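[1] need a 3D model of the sequence below.
(one chain, ligands or ions: 1)
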Amino acid sequence: MSASISLQRQITVAFLGPRGSYTAQVASNRFGDSVAYSDMPTIGDVIKAVLSRTCTYGVVPIENSTAGNVDATLDALVKATQDATEENKVQIRAEHYLPIHHCLLSNATNKADIKKVYSHSQSIAQTAQWFEANMKGVERIAVASNSAAAILASKEPGAAAICGEQCADMYGLTILERNIEDKKNNTTRFFILGDKHEPSTGSDKSLLYFTVDHRQPGSLVDALNVLKTHKINLTKIDSRPSGGSPWNYFFFIEFTGHVEDANVKAALAEMGQFCLGLLFWEVGRIRGLVLDYGTVSILMNK
Ligand SMILES: O=C(O)C(=O)C[C@]1(C(=O)O)C=C[C@@H](O)C=C1
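    Got it, this is the predicted structure:
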């Protein structure tokens with residue numbers, strides 16, 4: 001066996017399982033056949049597997065074009081940066097966009113026999129109008145993933161799942177409807193996570209989170225204004241409850257640039273004075289994850 005193959009065999013990729021999830025599809029698109037895969041019951045477990053080095057890489061959904069953020073991922077990324085040590089960190093290695101076309105799968109051969117439908121909460125939200133128009137009043141139950149929903153539907157008469165068509169053969173289900181997503185360009189963005197990031201390539205994105213003094217008028221504007229001064233382009237902003245006192249928030253920002261770029265370094269150092277309550281990561285009271293636009297071959301050569 002060649003050295004490079006034996007090296008690749010040691011690579012393990014964690015994904016939100018069971019087999020057949022969209023996250024599994026992204027993992028397979030990015031890493032192919034020569035790595036080992038490990039399916040995890042929750043998004044938090046995928047991120048923990050990367051942090052603990054049980055797995056080399058992890059794949060998690062971050063947002064959907066119809067239903068918005070996957071909050072479980074944002075929350076678990078915060079937890080991972082808080083649990084990180086100097087040696088063990090989680091970084092975002094790449095992003096991946098997957099068009100999502102949901103099917104309705106069941107043991108039943110007729111939609112009229114379906115009494116309940118399992119799926120991930122994201123997929124329930126992405127098909128809400130279709131259900132209103134076509135299966136009004138049928139109970140929908142959120143479970144940990146779409147493929148977990150397919151397994152439940154395969155064991156229960158009168159149950160169905162919203163999931164990808166790949167689950168039909170895998171779990172012996174019939175495709176009753178295809179393309180039931182409300183928006184035809186429905187797309188989910190995923191992060192590929194690893195233990196470190198690439199050096200700056202000149203075409204990177206970064207994700208930071210921080211909190212500000214909420215009693216101080218303009219504190220968020222002050223923090224963001226630093227990015228403007230350094231000509232850093234914001235691509236996304238979100239907030240989540242900080243988990244500490246009620247009505248305090250973590251702000252998440254994505255911007256084009258890399259933590260090693262001179263203007264980003266300078267901006268983060270300045271932003272520190274407007275941010276509160278977090279331990280230092282690279283600079284200031286800000287924690288950050290660099291989102292590399294690395295290709296999978298770069299990832300696997302590491
Ligand atoms: O990977 C899966 O199949 C999932 O169940 C997760 C998930 C998500 O959380 O966004 C992934 C993509 C789809 O947008 C719907 C659900």
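[2] show me where the protein has its helices.
    Applying DSSP state H to the chain gives helices spanning 3-9, 22-31, 43-51, 71-83, 121-126, 128-134, 146-155, 166-171, 219-229, 262-271, 296-301.
[3] distance to A94 and mean pLDDT added to those helices, as a markdown table?
    (C-beta placed from N, C-alpha, C; glycine too.) Output for the helices of the chain, formatted as a markdown table (distance: least, Cβ to Cβ, whole Å; pLDDT from 0 to 100):
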| stretch | distance to A94 | mean pLDDT |
| --- | --- | --- |
| helix 3-9 | 17 | 48 |
| helix 22-31 | 7 | 96 |
| helix 43-51 | 13 | 96 |
| helix 71-83 | 15 | 89 |
| helix 121-126 | 21 | 98 |
| helix 128-134 | 30 | 98 |
| helix 146-155 | 22 | 98 |
| helix 166-171 | 22 | 98 |
| helix 219-229 | 23 | 93 |
| helix 262-271 | 18 | 88 |
| helix 296-301 | 7 | 33 |
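[4] any chance of these in a markdown table, plus mean neighbour count and distance to I62?
    Output for the helices of the chain, formatted as a markdown table (neighbours: other Cβ atoms under 10 Å; distance: least, Cβ to Cβ, whole Å):
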| stretch | mean neighbour count | distance to I62 |
| --- | --- | --- |
| helix 3-9 | 11 | 26 |
| helix 22-31 | 22 | 11 |
| helix 43-51 | 23 | 10 |
| helix 71-83 | 18 | 5 |
| helix 121-126 | 22 | 11 |
| helix 128-134 | 14 | 21 |
| helix 146-155 | 24 | 16 |
| helix 166-171 | 19 | 21 |
| helix 219-229 | 17 | 20 |
| helix 262-271 | 19 | 21 |
| helix 296-301 | 15 | 17 |
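[5] any idea which of those gets closest to I237?
    helix 219-229 (8.0 Å; Cβ to Cβ).
[6] check which helices and strands the closest one sits against.
    When contacts are defined as 3 or more Cβ pairs under 8 Å, 6 or more residues apart in numbering; DSSP states H and E, helix 219-229 sits against strand 205-212, strand 249-256, helix 262-271.
[7] export these to JSON lines and tack on distance to Q82?
    Formatted as JSON lines, the helices and strands packed on helix 219-229 follow (distance: least, Cβ to Cβ, whole Å):
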{"stretch": "strand 205-212", "distance to Q82": "10"}
{"stretch": "strand 249-256", "distance to Q82": "11"}
{"stretch": "helix 262-271", "distance to Q82": "18"}
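[8] restrict stretch 90-105 to CA atoms and write it as PDB.
    Listed in PDB are the C-alpha atoms of stretch 90-105, where the atom choice follows Å, rounded to 0.1, in the frame of the first residue of the first chain:
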ATOM      1  CA  VAL A  90     -12.000  23.400  16.000                       C
ATOM      2  CA  GLN A  91     -11.600  25.500  12.800                       C
ATOM      3  CA  ILE A  92     -13.800  25.900   9.800                       C
ATOM      4  CA  ARG A  93     -11.900  24.500   6.900                       C
ATOM      5  CA  ALA A  94     -14.300  25.100   4.000                       C
ATOM      6  CA  GLU A  95     -17.900  25.800   3.200                       C
ATOM      7  CA  HIS A  96     -20.100  23.700   0.800                       C
ATOM      8  CA  TYR A  97     -23.400  24.500  -0.800                       C
ATOM      9  CA  LEU A  98     -25.900  21.700  -1.500                       C
ATOM     10  CA  PRO A  99     -29.200  22.100  -3.400                       C
ATOM     11  CA  ILE A 100     -31.800  20.400  -1.200                       C
ATOM     12  CA  HIS A 101     -34.700  18.600  -2.900                       C
ATOM     13  CA  HIS A 102     -37.000  16.900  -0.400                       C
ATOM     14  CA  CYS A 103     -39.100  13.800  -1.000                       C
ATOM     15  CA  LEU A 104     -41.900  12.400   1.000                       C
ATOM     16  CA  LEU A 105     -41.000   8.700   1.700                       C
END
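[9] hmm, it touching the ligand?
    Yes: applying Cβ under 6 Å from any ligand atom, one finds stretch 90-105 touching the ligand at I100.
[10] that stretch: how far from the chain's middle?
    8 Å (Cα atoms, centre = their mean, to the nearest Å).
[11] who in the stretch 1-150 of the chain is up against the ligand?
    16, 21-23, 61, 64, 70, 100, 120, 122-123, 145-147.
[12] switch those residues over to a markdown table; also include distance to T187.
    Converted to a markdown table, these look like this (distance: Cβ to Cβ, whole Å):
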| residue | distance to T187 |
| --- | --- |
| L16 | 17 |
| S21 | 16 |
| Y22 | 11 |
| T23 | 14 |
| P61 | 11 |
| N64 | 7 |
| V70 | 13 |
| I100 | 6 |
| H120 | 16 |
| Q122 | 12 |
| S123 | 13 |
| S145 | 18 |
| N146 | 15 |
| S147 | 19 |
